[in-house]
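>>> Pasting the sequence and the predicted model now:
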Amino acid sequence: MPYSAVVKRTPTGAAVLQPEVTAAITEAVLDELADTGYGKLSMEAVARRAGVGKSALYRRWPSKQEMVMAVLADFSLELATAPDTGSLRGDLVTLLRALTDWLTHPRFSRILPDLAAEGVRNPEVAEAVRAAIGEPRRRVGAAVLRRAVDRGELSADTDLEMALDLIAAPVYWRLSVRRAPAEPGYLDHLADVVLRALKGDPS
C-alpha cells in the first residue's frame with residue numbers, strides 16, 4: 001500500500017475520539033480532583049466515574065499528569081476572558097470578574113488549594129501548572145495591558161509582569177487564602193485602586 005494512502009486514511013472504530021466520551025472524562029477528572037485531590041487521583045477512578053474503559057483515557061493522554069493539566073487548562077482558559085470594553089478600567093473590571101468566577105467555581109475552589117500544595121511537594125507538577133494554566137492566563141491579561149498602552153492609557157514602559165501580579169494577587173489572596181467574600185462593589189473598587197497604581201496616580 002502506498003505511504004500516502006496510509007497517512008490519509010481516516011481512523012475508524014475505537015481509534016475515533018468521540019466528543020461525548022471526552023466530555024464525560026473531563027467532568028470525571030474535575031470531580032475526582034475536587035473530591036480526592038491530585039495525589040490520590042487515579043486513571044482507574046476517573047475511568048470508573050466517567051463510565052468508560054481505562055483505554056479511553058490513554059488514547060487521549062499518555063499519563064495522569066498530562067490528562068489533569070489538559071483538562072484544567074481547557075477549563076481555566078475558558079473562564080479567562082478579555083473582551084475589549086474600550087477602556088482600561090472596563091477591561092480591568094472584566095478581568096477581575098472572570099478571575100473571581102474562576103477562583104470561586106464550586107469545583108475549582110476545592111481543586112486549587114490542593115494543586116498548590118502538590119506543587120510545593122512536586123516541582124514537576126508546579127512547572128506543569130505554570131505552563132498549562134498560569135502562563136496562558138497571564139497572556140490574556142497581558143493582551144489587555146498592551147491594548148491600554150496602544151490607547152495611550154498606560155505608559156509604554158509599564159512593567160507588564162508586575163502589573164499582572166498587581167491585578168491578580170488581591171483577588172487570589174482574598175478569595176483563596178483568606179476565604180473572604182467579594183462583597184458588592186469590591187471588584188469595582190479594586191479596579192479603581194489598580195488603575196491608579198498602574199497610572200502612578202497617588203490620589
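Good, I have the coordinates.

>>> List the residues that contact R174.
180, 182, 186 (CB atoms under 8 Å, 6 or more residues apart in numbering). No exception for glycine: its C-beta is placed from N, CA and C like everyone else's.

>>> Give me the subset of these lying in helices.
The helices, defined by DSSP state H, take in Y186 from the contacts of R174.

>>> Of the contacts of R174, select the buried ones using a PyMOL command.
Buried residues within the contacts of R174, by 16 or more other CB atoms under 10 Å, are selected in PyMOL with:
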select buried, resi 182+186
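
>>> Looking at pLDDT only, which of the contacts of R174 scores worst?
Within the set of the contacts of R174, pLDDT is lowest for A182 (89).

>>> Just want to check the distance between that residue and L175.
Relative to L175, A182 is positioned 7 Å away (criterion: CB to CB, to the nearest Å).

>>> And for E153?
E153 sits 27 Å away from L175, going by CB to CB.

>>> re the thing from before, list just the nearest of the contacts of R174 to K54.
Comparing the contacts of R174 against K54 with CB to CB places A182 closest, at 40.3 Å.

>>> Contacts only, for the closest one.
By CB under 8 Å, 6+ apart, A182 lies in contact with 100, 104, 171, 174-175.

>>> cool, and A191?
By CB under 8 Å, 6+ apart, A191 lies in contact with 89, 92-93, 96.

>>> In CSV, list those along with pLDDT.
As requested, these are arranged in CSV below (pLDDT from 0 to 100):
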residue, pLDDT
R89, 96
L92, 95
V93, 95
L96, 95
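
>>> quick one on the thing from earlier: and which of the contacts of A182 is nearest D192?
Lowest distance from D192 to these (CB to CB) belongs to V171, with 14.3 Å.

>>> in what helix or strand does that closest one lie?
V171 belongs to helix 160-172 when assigned by DSSP states H and E.

>>> quick one: contacts of that helix?
Contacts for helix 160-172 (CB under 8 Å, 6+ apart): 92, 95-96, 99-100, 103, 138, 141-142, 145-146, 182, 187, 190, 194, 197-198.

>>> Understood, closing this out.
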